[in-house]
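[1] Sharing a sequence plus its predicted fold:
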Amino acid sequence: MDLLTVSLQEKDYNIAETYLNKLKTLNSTFRLNTYFSEASILLGKGEVQKALTILQTAKDRNPNSEVWYQIGKIYLNLEQFEEARHAIEKAIEFETDKAKFHQTMAVILVRLGEYEEAVEYALTSIELVKYFPEAHFILGEALEKMGDMENAKKAFETASKLKPVEHHRATIAIEDIDEKLTESLVPTDKSKYKYRKDQIVIVSGLPRSGTSVMMQMIDKGGGEVLIDESRQADESNPRGYFEYKPVMSIHNDNSWLELAKDKTVKVVAPLLKFLSPKYRYKVIFMNRNIDEIVKSQQKMMGKDPDTLPVSLINSYKKQLHIVEEWKNRQAGVELIYVNYIDVLNDTDKAINKVVSFIGVDMKKDAMIKCVDRSLYRNKIESISK
């Protein structure tokens, strides 16, 4: 390795400049190939505009991918993002299979707020070089900005594992996401409250949140439900679960959704992300106090219902955030939240909301008869949000 390269790597720019000048006097032809070294020295000394001028000259004399890339990096550091985008586009035109070009473009697009396109460039970079921590990190940033916390966390975790010593930012980003996912959530409805042709009504929620009673209400109210007899009624759900077995394999095969058009089917919260974008969905999401959910589940599993594991509670809180973010990203998804406590104590109001949301006439009296307050057996007197 020559002394010029060594001094640049050690960031000793004054010595690097001395070696460079000596090389120029020794070999006149060498002068033509010093652009990158000169630019690196000038950047190291903080003379950014001079470095940019040298690279612009190099670009005019001999345009190539690397000189465009270096120009783009300078514009990125100067926060001149449109100029940076143009330069990196030129670099990619010259050489489409350089992972660092696509990763840098992803960084620029995140700064410009174009997150979906940034994800595409980051993924292309990872396809070209799988073990590229910077590409995984910027992918995480873009996904976080889009609200996809679940996959953002995975990207940050990958960046951290690939370069644990240097990627402290990834560790911090993971901590920030975990905090966001366990914060109190203020759910918001997203609906036009009108019938959509071939719509699929989804009843969803966390386990033990009242999805079965909502399915029963829709069934008795005259709505057509997609169910089978794969899971029988038991002590925990004496009136039945109203489930359709293929739902549990939706991550491998969602072709059965064609059968669900103009019907209602139950899909648990973690599986909502596997719904095909081919259809329009009306999601009725049952909202119940998380402590009550965990208490009910503990009892169902034969565990102490008064012992509420914090890890499970936090896991459920994260899932609620993921659903809210998923809803906001999906163009074909409308979603309303129905509080389980309202179904029990303000039944008329809850039913009116559901019927209005689905957009068809239903037998409200029959729906009301499905509500059995005696089955509300796992109350938490002091509600914690």
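    Cool, the structure landed.

[2] Buried ones in stretch 90-109, by neighbour count?
    By 16 or more other CB atoms under 10 Å, the buried positions in stretch 90-109 come out as 90-92, 98-109. From N, CA and C alone the C-beta is placed, and that goes for glycine too.

[3] Sitting in strands, which of the residues you listed do you find?
    The strands, defined by DSSP state E, take in nothing from the buried residues of stretch 90-109.

[4] which of these lies closest to M367?
    The closest of these to M367 turns out to be L109 (CB to CB; 48.6 Å).

[5] Okay, and the spatially closest residue to the closest one that is not a sequence neighbour sits in which element?
    Excluding the flanking residues, the one nearest L109 by CB to CB, 6 or more residues apart in numbering is A118, at 3.7 Å. Taking DSSP states H and E as the criterion, A118 maps to helix 115-128.

[6] What about D176, how many residues nearby?
    D176 is flanked by 15 other residues according to other CB atoms under 10 Å.

[7] residue ranges for the helices of the stretch 101-250 of the chain, please.
    115-128, 133-146, 149-162, 168-182, 211-220 (DSSP state H, counting those that start in this stretch).

[8] any idea how far D361 is from M367?
    For D361, the distance to M367 (CB to CB, to the nearest Å) stands at 12 Å.

[9] Looking at these two, which one has more neighbours?
    Neighbour tally, D361 and M367, criterion other CB under 10 Å: the higher count belongs to M367, 25 against 9.

[10] State the pLDDT value of that one.
    M367 is assigned a pLDDT of 96 by the prediction.

[11] just the one 3 residues further on next, same as before
    As predicted, C370 sits at a pLDDT of 92.

[12] so it, which of the three states?
    Assigned with DSSP: H, G, I helix; E, B strand; the rest coil, C370 falls in the coil class.

[13] The chain should start at 218 in everything you say after this.
    Done: numbering now begins at 218, and the last item shifts to C587.

[14] That one and T564: what is the separation?
    Distance, C587 to T564, by CB to CB: 9 Å.

[15] What of R505?
    Going from R505 to T564 by CB to CB gives 15 Å.

[16] Break down the stretch 468-602 of the chain into its strands, ranges please.
    Listed in chain order, the strands of the stretch 468-602 of the chain (DSSP state E, counting those that start in this stretch) span 481-483, 498-504, 550-556.

[17] which residues are contacting the shortest one?
    If I follow you right, that is strand 481-483. Strand 481-483 is contacted by residues 417-421, 428-429, 432, 435-436, 440-444, 458-461, 464 when judged by CB atoms under 8 Å, 6 or more residues apart in numbering.

[18] that older thread, quick check: angle from the helix holding A335 to helix 350-363?
    Counting by axes from the mean of the first three to the mean of the last three CA atoms, to 10 degrees, helix 332-345 lies at 160 degrees to helix 350-363.

[19] the inter-axis angle of helix 332-345 versus helix 366-379?
    Going by the same axes, to 10 degrees, helix 332-345 makes 40 degrees with helix 366-379.

[20] just how off-centre is helix 332-345 within its chain?
    Remark: helix 332-345 is offset 14 Å from the chain centroid, using CA atoms, centre = their mean, to the nearest Å.

[21] Would you mind listing the buried residues in it?
    Within helix 332-345, the residues that qualify as buried are 332, 335-343, 345, counting by 16+ other CB under 10 Å.

[22] Could you pull up the contacting residues of the nearest residue to L488 once chain neighbours are set aside?
    Once flanking residues are discounted, L488 sits nearest to I467: 5.4 Å by CB to CB, 6+ apart. If a contact means CB under 8 Å, 6+ apart, then I467 has 473, 484, 488, 491-492 as its contacts.

[23] Can you tell me which of those has the most neighbours?
    Within these, most neighbours by other CB under 10 Å means V484, with 24 neighbours.

[24] gap between that one and H385?
    Distance from V484 to H385, by CB to CB: 39 Å.

[25] I507 now?
    32 Å.

[26] out of these two, which sits in the busier spot?
    Legend: neighbour count by other CB under 10 Å for I507 and H385, higher for I507 (23 against 11).

[27] neighbours around the nearest residue to the more buried one once chain neighbours are set aside, how many?
    Spatial nearest neighbour of I507, excluding adjacent residues (CB to CB, 6+ apart): Y533 at 5.2 Å. Applying the criterion other CB under 10 Å, we find 19 residues in the vicinity of Y533.

[28] pretty sure Y533 contacts D508?
    No. The criterion here is CB atoms under 8 Å, and Y533 misses it with D508 at 9.8 Å.

[29] got a pLDDT number for the residue nearest to L326?
    95.

[30] Can you pull the phi/psi pair for the most centrally placed residue in the chain?
    Taking CA atoms, centre = their mean as the criterion, D365 is the residue nearest the geometric centre of the chain, at 1.3 Å. For D365, the backbone dihedrals (degrees, to the nearest 10) come out as phi -90, psi 80.

[31] quick one, what contacts it?
    542, 546.

[32] Please give the centre-to-centre distance between stretch 266-277 and its chain.
    The chain centroid and the centroid of stretch 266-277 are separated by 39 Å under CA atoms, centre = their mean.

[33] buried stuff in it?
    268-269, 271-272, 275-276.

[34] Can you lay out those residues as TSV showing distance to E392 and pLDDT?
    Formatted as TSV, those follow (distance: CB to CB, whole Å; pLDDT from 0 to 100):
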residue	distance to E392	pLDDT
A268	36	79
L269	37	82
I271	41	80
L272	38	84
A275	43	81
K276	42	84
